[in-house]
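> after the sequence you'll find the predicted model.
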Amino acid sequence: LVDGMGQARFFHTVVDGAPVLVKTREGRPVLVAPSPTNTSGRGVTVRHQAALMDLYDPDRARGPLSVRRGAGAPVSLNWTAVGRDVVQRLQAAGSKAVLLTAPASSPALGAAFMGLAARTGLRDVIWSPLEVDAAVVAWKRALGHGRVGRPRLDRADLVLGLGAEFLDRPEDGLEADFARRRAPEPPAGASSAEGGMNRFVQLEGRLTLTGANADRRIRVRDSHLARVGAALAHELIVVRAVGPLAADASVQQALAPFAIDAVAGRTGLDASVLKGLADELAAAAGKALVVAGGSAGAASSGPAIELATLMLNVTLGAFDAGLIDETSALEPYSGGGAALAALADEMRGGQVEVLIVAGVNPVYDAPASLAFAEAMAKVPFVVSLNDRLDETSRLADILAPVSHPFESWSDASLSKDLVGIQQPV
């Protein structure tokens, strides 16, 4: 450090599942930027850059505290005493001990959880206030698994967006792929699969950054996107008999109510516009890709939009042509609201003797109907591993704050065959 006084140093690490490059001066991180060597497709967002604010936040706990469920001011403890007490209680509780965590992408952390379970009987319950993505629901329903593939925008000659927002959501990491095919002339060194400029057509309601970059933008209410997608599938599969689904009687029956003329009448769109889109898709089969997601996918019609997207991609041969990369997809997390509700019921019934909370704040963000704070009061011993006295930690017995990602070693699964290393900076 002395030799580099006044000079910036850079560290490759991982924050929240994304590879980043951290710039430091005099041992203090000052900037979080995308890693130039990142090949995972994970993008860097303001949330990753805000990790600096967490690091320097004065509200972070500086050591373990005896909180005593909010009875009086917190009192400092030492780590040795906390570790001894928690281990003894875990061993005594056995299978009545529960670890409540956020979804984790770290293989090392997962192995540690399994080791704890094997030694003490501890159970791991996963909770996130964000529900499982609509694409995961659709893929499970249609394909039997939730490993959502990555659309390869750089390989498609025609891209159709059903409310897609890949430029509005940098965490998807698709901007570079999209930009690679938006130059009129192919870049130097481009492969034969990367031709010249592709065509992007966007169907959406409100104007998004993604839609503003489309070659053609067609206004469609978010609530109508699923019907419009099904109408395009009806035209290609039922009317024109394109793709492998044309021979499936159940698909034909499901699409029967979605003829283009009928859908155009209900949505206010011109039928000739939809038929023109179908013409473009049919002509570009094998080189056409349909993408969805964004705010429309977060609505109740999200799974239906994703199902229509899947159906169109299968029909157009996008999977066979390698326009959807399934090799790097990870398994989605399990748990969610149902798992947390079951845990709350167990706590009320006296079936949980030790609760360890790590990286989640259910007293704040769990559904009010669960009355999680009241259920947690029934647990004899509660430990929070959160980094501050948040709403859940204030109702715990002990706060044992974990280190910040910039202060600790860990790892993260970036894709099926790629792992990133988290290091102290």
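The structure has been received and is ready for your questions. Here the structure is a predicted model, which is why all the values come from computation and not from measurement.
> okay, Ser105: pLDDT?
Looking at Ser105, its pLDDT is 83.
> ok, now Glu331?
Glu331 is assigned a pLDDT of 72 by the prediction.
> so how far is Glu185 from the closest residue to Glu175 other than its chain neighbours?
Spatially, and ignoring its direct neighbours in sequence, Glu175 is nearest to Leu167 (6.0 Å; C-beta to C-beta, 6 or more residues apart in numbering). Where C-beta positions appear, they are placed from N, C-alpha and C, glycine not excepted. Applying C-beta to C-beta, to the nearest Å, the value for Leu167 to Glu185 is 22 Å.
> which stretches of the chain have low pLDDT?
For the chain, the stretches flagged by pLDDT under 70 are 1-5, 131-132, 186-195, 333-335, 416.
> quick one: Ala246 is in a strand?
No - note on Ala246: no strand contains this position according to DSSP: H, G, I helix; E, B strand; the rest coil, which reports helix.
> picking up where we left off before, now the residue nearest to Glu175. Its backbone dihedrals?
Note on Leu167: backbone dihedrals following degrees, to the nearest 10 are phi -90, psi -20.
> what sits against it?
Residues in contact with Leu167 (C-beta atoms under 8 Å, 6 or more residues apart in numbering) are 174-175, 178, 208-210, 213.
> for the helix or strand harbouring Arg84, packing partners?
When secondary structure is defined by DSSP states H and E, Arg84 falls within helix 79-93. In terms of contacts (3 or more C-beta pairs under 8 Å, 6 or more residues apart in numbering; DSSP states H and E), helix 79-93 is packed against helix 107-120, strand 354-358, strand 381-384, strand 398-399.
> the longest one vs strand 354-358, what angle?
Read that as helix 107-120. Here helix 107-120 points in a direction 170 degrees away from that of strand 354-358 (axes from the mean of the first three to the mean of the last three C-alpha atoms, to 10 degrees).
> downstream of helix 107-120, the next helix or strand is which one?
If you walk from helix 107-120 toward the C-terminus, the next helix or strand you reach (DSSP H and E) is strand 123-126.
> dump that next one to PDB, restricted to CA.
Taking only C-alpha atoms (Å, rounded to 0.1, in the frame of the first residue of the first chain), the coordinates of strand 123-126 have been written out as PDB:
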ATOM      1  CA  ARG A 123     -33.000 -26.400   7.900                       C
ATOM      2  CA  ASP A 124     -32.600 -23.600   5.200                       C
ATOM      3  CA  VAL A 125     -35.700 -21.600   4.100                       C
ATOM      4  CA  ILE A 126     -35.300 -19.200   1.200                       C
END
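> sheet partners, orientation included, of that strand?
strand 97-101 (parallel) (DSSP bridges).
> next, the angle helix 79-93 makes with the strand it pairs with.
Angular relation of strand 97-101 and helix 79-93 on a 0 to 180 degree scale: 120 degrees, by the same axes, to 10 degrees.
> and strand 97-101, what's buried?
If you call a residue buried by 16 or more other C-beta atoms under 10 Å, then strand 97-101 has these buried ones: 97-101.
> what residues does it touch?
For strand 97-101, the surrounding residues in contact (C-beta under 8 Å, 6+ apart) are 89-90, 113, 116, 120-127, 340, 343, 346, 352-360, 362.
> could you pull out the strands for the stretch 1-150 of the chain?
Assigned strands in the stretch 1-150 of the chain, in chain order: 8-15, 18-25, 28-34, 65-66, 75-76, 97-101, 123-126, 150-151 (criterion: DSSP state E, counting those that start in this stretch).
> show residues contacting the first one.
Outside of strand 8-15, the residues that reach it under the criterion C-beta under 8 Å, 6+ apart are 19-25, 30, 32, 35, 37, 48, 51, 405-406, 410-412, 414, 420-423, 425.
> going through those residues, which ones are buried?
With burial judged by 16+ other C-beta under 10 Å, the buried subset of those is 19-22, 24, 32, 35, 48, 51, 405-406, 410-412, 414, 420, 422-423, 425.
> for the host helix or strand of Asp177, what is the distance to the chain centroid?
In this structure, Asp177 is located in helix 175-180 according to DSSP H and E. Between the mean C-alpha location of helix 175-180 and the chain-wide mean there is a distance of 20 Å, by C-alpha atoms, centre = their mean, to the nearest Å.
> keeping just the C-alphas, turn it into PDB.
The C-alpha coordinates for helix 175-180 follow below in PDB (Å, rounded to 0.1, in the frame of the first residue of the first chain):
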ATOM      1  CA  GLU A 175     -26.900  -4.400 -24.400                       C
ATOM      2  CA  ALA A 176     -23.600  -5.500 -25.900                       C
ATOM      3  CA  ASP A 177     -25.300  -8.300 -27.900                       C
ATOM      4  CA  PHE A 178     -27.900  -5.900 -29.200                       C
ATOM      5  CA  ALA A 179     -25.400  -3.200 -30.100                       C
ATOM      6  CA  ARG A 180     -23.200  -5.700 -32.000                       C
END
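> buried residues in it?
Neighbour-count burial for helix 175-180 flags 175, 177-178, 180 (criterion: 16+ other C-beta under 10 Å).
> show me where the stretch 301-425 of the chain has strands.
324-325, 354-358, 381-384, 398-399, 410-415, 418-422.
> which one, of the strands of the stretch 1-150 of the chain, ends up nearest to Pro401?
Proximity of the strands of the stretch 1-150 of the chain to Pro401 was assessed by C-beta to C-beta; the nearest stretch is strand 65-66, lying at 8.2 Å.
> touching that closest one from outside, list them.
Residues outside strand 65-66 that contact it (C-beta under 8 Å, 6+ apart) are 74-77, 389, 397-399.
> stretch 337-357 too?
Contact partners of stretch 337-357, identified using C-beta under 8 Å, 6+ apart, comprise 86, 89-90, 92-93, 96-100, 122, 125-127, 131, 362, 366-367, 370-372, 374-376, 378-386, 392-393, 396.
> hmm, back to that, between the buried residues of strand 97-101, which sits nearest Arg227?
The shortest gap between Arg227 and any of these belongs to Thr101, at 39.3 Å (C-beta to C-beta).
> now the closest one: closest residue in space, sequence neighbours ignored.
Nearest to Thr101 is Ala358, by C-beta to C-beta, 6+ apart, at 4.8 Å.
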